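> this one's structure only:
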């Protein structure tokens, strides 16, 4: 399935966008566009870039699967280092100390990435790029405010090397690409399809316009128009030396000296650091449209300088005919950096703590974190429940032991029983019996005597020479009902009088007296009211 990749070349005055579709073995450039940054708004460059990016990516339905964005080259330093080992782990451990003395920042505030150029006899030659973390942090915030999140962030100089197939195909000949932009010039050296060296010069075609503005005493807009339509650096043997054309050429030649010097220094640096001498120099960028520039630079540099033209590389199709490779070279190189077989390096300044995390990876990471948290909570829950069970079991064992001890003290018969049910049943019966016995000592009602006190008072009231047979003794609150048999009604009256005289009872009545069937005894019912006790 084809993947849409977008290269974002974010310049000082515009944003250039190139979109391609890449499958497993092929890719196809689909379209390109340039979006100018507003010039009428007095806002920081970052805010202008953010507002334009929001417009570019406003259509959520056409969002690409991968975005490769540029970082201004002036914010990135590059070095070629020789290390006395080839082990990747040792390289990564040693690299910060090797560049610490070569950058004006504390090493902990710098992001680095590298590629191995060559290994031989246990040594490594590596190419390193680095940038302050705060610069990348600011750049990523611009993207975040725009609603995008690039997977890769590199400089245009790094991306230019990815055009090697479109420029020279599979030729092993080393060459240099110079992107003469508005405020920066990106330089990249390619050898055998690999990025060998790159750097950025802080000079661009806007310098030419400003110098023409001052030299010709015209407005900046007029100077830009002269540069585009009148300027010509091609040699003219018939010139007299005093024409406007020659004046413009002299101004431009003087203004181009920083560019010439920067390219010469880059040629020397590449040869000294790597031993490789680029044979050809290819020009791109809007500044490369200056008439006669390639001829002028060829003479100044003593190298063959050509304006970049694209060929049809294997696995690709021609860019649309309306494309201008000089303008979109960097954005095309950025897009190619996201393909599998066309990137001349795997450099990416989004490393370490700034590494890209896809939404799927972020979801997985979040899910893993949530899962780990839930697992931890589950573990804590299990531990908590386990501890509760342990403490409850220990408490249950303690209480059961205490109950067994009490039960054995109460009833030695329980000692021989093993089953808890049998012990519980016997202990319950024993407790019921104890309750019944205890109830005899309980007060019948508030402020009244106990059951035993009442029975004792009734017993004391019965004369010793009187025989009585109590058939029923019922107690309800402070009321007592007695049904019994005695020898005569006089005996029943005597018992009633004795009860009243005992002071225990407030009243005593015999509502019913009748003879037995054989007239040998009388049956009676006596109702008593207990005397309230004072405390």
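That came through, no problem. For clarity, every value in this text was computed on a predicted model and none was experimentally measured. Residues are numbered from 1 along each chain as shown.
> where in this protein is the helix or strand with the lowest mean pLDDT?
In the chain, no helix or strand scores lower on mean pLDDT, DSSP states H and E than helix 420-439, which sits at a mean of 67.
> what does the pLDDT read for residue 180?
What the model reports as pLDDT for residue 180 is 96.
> what sits closest to it if chain neighbours are left out?
Closest residue to residue 180 apart from its sequence neighbours, by Cβ to Cβ, 6 or more residues apart in numbering: residue 287 at 3.3 Å. (Glycine included, C-beta is placed from N, CA and C.)
> would you verify that the one you found is located in a helix?
Yes: under DSSP: H, G, I helix; E, B strand; the rest coil, residue 287 falls within a helix.
> next, count neighbours for it.
Using other Cβ atoms under 10 Å, residue 287 has 25 neighbouring residues.
> report the contact partners of it.
Going by Cβ atoms under 8 Å, 6 or more residues apart in numbering, residue 287 touches 180, 181, 182, 185, 204, 205, 208, 293.
> picking that back up, could you list the buried residues of the helix or strand just after the least confident helix or strand of the chain?
Scanning forward in sequence from helix 420-439 by DSSP states H and E, the next helix or strand is helix 451-461. Going by neighbour count (16 or more other Cβ atoms under 10 Å), the buried part of helix 451-461 is 451, 453, 454, 455, 457, 458, 461.
> as a whole number, average confidence for helix 451-461?
Mean pLDDT, computed over helix 451-461, is 80.
> now that helix, how far from the centre of its chain.
86 Å (Cα atoms, centre = their mean, to the nearest Å).
> stretch 243-252 now?
60 Å.
> equivalent analysis for stretch 26-35, please.
How far stretch 26-35 lies from its chain's middle: 33 Å, per Cα atoms, centre = their mean.
> circling back to that earlier point, want to throw the contacts of residue 287 into CSV with secondary structure?
Shown next, in CSV, are the contacts of residue 287 (three-state DSSP):
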residue, secondary structure
180, strand
181, coil
182, coil
185, strand
204, coil
205, helix
208, helix
293, helix
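> adding neighbour count, write these out as CSV.
What follows is these, written out as CSV (neighbours: other Cβ atoms under 10 Å):
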residue, neighbour count
180, 27
181, 29
182, 17
185, 27
204, 24
205, 24
208, 26
293, 24
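> show me where the stretch 201-350 of the chain has strands.
280-284, 304-307 (DSSP state E, counting those that start in this stretch).
> the stretch 1-150 of the chain too?
3-10, 14-22, 27-36, 66-70, 77-83, 110-120, 123-132.
> between these, which gets nearest to residue 251?
strand 14-22 (25.1 Å; Cβ to Cβ).
> quickly run through the sheet partners of the closest one, with directions.
Here strand 14-22 is paired, per DSSP bridges, with strand 3-10 (antiparallel), strand 27-36 (antiparallel).
> between those, which gets the lowest average pLDDT?
Among the strands paired with strand 14-22, strand 27-36 scores lowest, with a mean of 90.
> just say which of the strands of the stretch 201-350 of the chain is most tucked in.
Greatest average neighbour count among these goes to strand 280-284 (a mean of 23), per mean count of other Cβ atoms under 10 Å.
> and that one, which strands flank it?
Using DSSP bridges, the strands paired with strand 280-284 in its sheet are strand 175-180 (parallel), strand 304-307 (parallel).
> got the ones you listed as JSON lines, with distance to residue 66 columns?
Output for the strands paired with strand 280-284, formatted as JSON lines (distance: least, Cβ to Cβ, whole Å):
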{"stretch": "strand 175-180", "distance to residue 66": "22"}
{"stretch": "strand 304-307", "distance to residue 66": "30"}
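> so which of the ones you listed is nearest residue 399?
Nearest to residue 399, of the strands paired with strand 280-284 and by Cβ to Cβ, is strand 175-180 at 86.9 Å.
> picking that back up, just the closest of the buried residues of helix 451-461 to residue 116, please.
Looking across those and measuring by Cβ to Cβ, the closest to residue 116 is residue 451, at 105.7 Å.
> and that closest one, how far is that from residue 475?
7 Å (Cβ to Cβ, to the nearest Å).
> again, but for residue 91
From residue 91 to residue 475 the distance is 103 Å (Cβ to Cβ).
> before we move on, the earlier item: between the strands of the stretch 201-350 of the chain, which one is nearest to residue 246?
Judging the strands of the stretch 201-350 of the chain by Cβ to Cβ, what sits closest to residue 246 is strand 304-307, at 21.9 Å.
> turn the contacts of residue 287 into CSV, including distance to residue 350.
Output for the contacts of residue 287, formatted as CSV (distance: Cβ to Cβ, whole Å):
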residue, distance to residue 350
180, 27
181, 23
182, 25
185, 24
204, 26
205, 30
208, 34
293, 35
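> what's the farthest-apart pair in the residues you listed?
It's 182 and 293 that sit farthest apart of the contacts of residue 287, by Cβ to Cβ, at 15.0 Å.
> could you find the closest non-adjacent residue to residue 118?
residue 125 (4.4 Å).
> neighbours around that neighbour, how many?
So residue 125, with other Cβ under 10 Å, has 17 neighbours.
> now do the helices in the stretch 51-200 of the chain.
For the stretch 51-200 of the chain, helices defined by DSSP state H, counting those that start in this stretch occupy the ranges 88-100, 133-146, 156-160, 164-168.
> and residue 465, which of those helices is closest to it?
Nearest to residue 465, of all the helices of the stretch 51-200 of the chain, is helix 133-146, at 116.1 Å by Cβ to Cβ.
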